[in-house]
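# Next comes the sequence, and after it the predicted model I'd like to discuss.
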Amino acid sequence: MNRLPCTVIVGAFWGDEGKGKIISYLALKDKLDFCVRTGSVNAAHTVWMDGKKYALHMVPAAFLHEKCRLLIAAGANVHVARFLEEVQLTKVEGRVGIDQNASIIEEKHSVQDKTSAHLKGLGTTGWGVGPALEERVRRTAKLAKDIPELQPYLADSVTEINEGIDQGKKVLLEGTQGFLLSLFHGTYPYVTGRDTGAAAICSEAGVGPTRVDDVMIVYKSFITRVGTGPMPGELTKEEAQRRGWFETAAGTCRDRRSAPFDFELAKKTAKINGATQAALTKLDCLFPKCQSARKFDDLPREAKQFVKEVENQTGVPIVLIGTGPEALDIIDRRKQR
Ligand code: IMP
Ligand code: MG
């Protein structure tokens, strides 16, 4: 099942499942032709290559594959300064494009995010994504085509992507955040300002549901959450540290709260997103003996059992398993299946 023509990557929980790592692996391994970033600057995707760390807020995580066309979706929301900075950092000038209809997030939105009474207590990232999207709904937002600095990058990404799919090119639609942060399906009001599910990712990119071949859901071996809102099974920070699960956010550097893997949430997310494949990241944090393993057979028995349990309960095959931070620290089971 090494299919990849058009695949949607969606985060299973509250974000930070390791989508950046999975996307960077697929970019290199499958030689992706297109990678389309959705969402906005609040989400950071971490990519590690040769000991170097990138925390990407705008540029698609597939940038490691030099032939990949990188696009920012029509439904996405662009932070101009951050985008220009990351283009330099990742050296993707010439192959990165922004859809002309993507909307723009401005400094005033960040100020509104931090000072609006109705947002108090939600633990937003402070980038201003909620206020920027409100402005888009009001039909007063600036679009990418209105911004002089973005002129060299403007693209009709929707046509490019759909023609790519027509030609059988390998297209990846990069979801941001996690499904449980969805405005429609998450833990409202402790959610982000948009739907984060697979269908919404397609909608932002301008790809019809019948054109998608696979939905790959990304689970992490334990759950983390930044900001406020419910989280079943939450551990104390001390317990998280003891288990080696304590993390800080890639974007905001805030402490991440953590909890053990939750099978009920995993099942719900798989079903509503129509997942056909899954990735499971950070297995080495649960079972340290897995560190950097590249073969399923090399995993300790308890780790194999955990993987099988997730598959049995969700009904979704786990085709990629993350065993370390680097893009290539992956067990790829697609050929065997
Ligand atoms: P906002 O998206 O900045 O409005 O924040 C709303 C909620 O979503 C807060 O709890 C944030 O911590 C959370 N959130 C937003 N973006 C991300 C992300 O990329 N990863 C994890 N949590 C996020
Ligand atoms: Mg993140």
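Thanks, I have it. Numbering: from 1, shown residues only. Ligands and ions are numbered 1, 2, ... in the order given.

# OK, contacts around the spatially closest residue to R37 that is not a sequence neighbour?
Among residues not flanking R37 along the chain, P60 sits closest, at 4.3 Å (C-beta to C-beta, 6 or more residues apart in numbering). For glycine as for every other residue, the C-beta is placed from the backbone atoms N, C-alpha and C. By C-beta atoms under 8 Å, 6 or more residues apart in numbering, the contact list for P60 reads I23, C35, V36, R37, C68, L70, L71, I72, V96, E174.

# so who does A293 touch?
A293 touches D284, L299, T323, I331, counting by C-beta under 8 Å, 6+ apart.

# Mark which of the residues you listed are part of strands, please.
With strands taken from DSSP state E, the overlap with the contacts of A293 comprises I331.

# Return the closest of the contacts of A293 with respect to ligand 1.
Taking C-beta to the nearest ligand atom as the measure, ligand 1 lies nearest D284 of the contacts of A293, at 21.2 Å.

# So what's the residue count around that closest one?
Neighbours of D284 under the rule other C-beta atoms under 10 Å: 22.

# from memory it sits against D298, does it?
No. With contacts counted by C-beta atoms under 8 Å, D284 stays clear of D298, the gap being 11.9 Å.

# Do a quick rundown of the helices in the stretch 101-250 of the chain.
107-115, 129-137, 157-166, 198-205, 237-243 (DSSP state H, counting those that start in this stretch).

# hmm, back to that, what's the distance between the residue nearest to R37 and D213?
19 Å (C-beta to C-beta, to the nearest Å).

# swap in R69?
On the measure of C-beta to C-beta, R69 and D213 end up 18 Å apart.

# Please apply the same query to G97.
Distance from G97 to D213, by C-beta to C-beta: 23 Å.

# The two - which one has more neighbours?
Neighbours were counted for G97 and for D213 using other C-beta under 10 Å; G97 has more, 21 against 13.

# Give me the pLDDT value at that one.
Confidence at G97, expressed as pLDDT, is 98.

# before we move on, what about the one 3 residues further on?
What the model reports as pLDDT for Q100 is 98.

# who are the neighbours in contact with the most centrally placed residue in the chain?
Central residue of the chain (C-alpha atoms, centre = their mean): T176, 3.5 Å from the mean position. Residues in contact with T176 (C-beta under 8 Å, 6+ apart) are G11, G15, K19, R37, T38, G39, S40, N42, A43, H45, T196.

# Pull the contacting residues for the residue in the stretch 201-337 of the chain positioned nearest to ligand 2.
The minimum distance from the stretch 201-337 of the chain to ligand 2, using C-beta to the ion, falls at A250 (4.7 Å). Counting by C-beta under 8 Å, 6+ apart, A250 touches D16, G20, A44, H45, T46, A55.

# Would you mind listing what in the stretch 201-337 of the chain touches ligand 2?
When proximity is defined by C-beta under 5 Å from the ion, the stretch 201-337 of the chain lies next to ligand 2 at A250.

# how long is stretch 320-327 end to end?
By C-alpha to C-alpha, to the nearest Å, the extent of stretch 320-327 from end to end equals 12 Å.

# who's in contact with it?
Contacts for stretch 320-327 (C-beta under 8 Å, 6+ apart): 18, 21-22, 24-25, 28, 46-50, 64, 216, 278-284, 290-294, 296, 299, 307, 329-334.

# for stretch 127-143, same thing?
In contact with stretch 127-143 (C-beta under 8 Å, 6+ apart) are residues 40-42, 77, 79, 100-113, 116, 119, 124, 192-194.

# and the end-to-end length of it?
18 Å.
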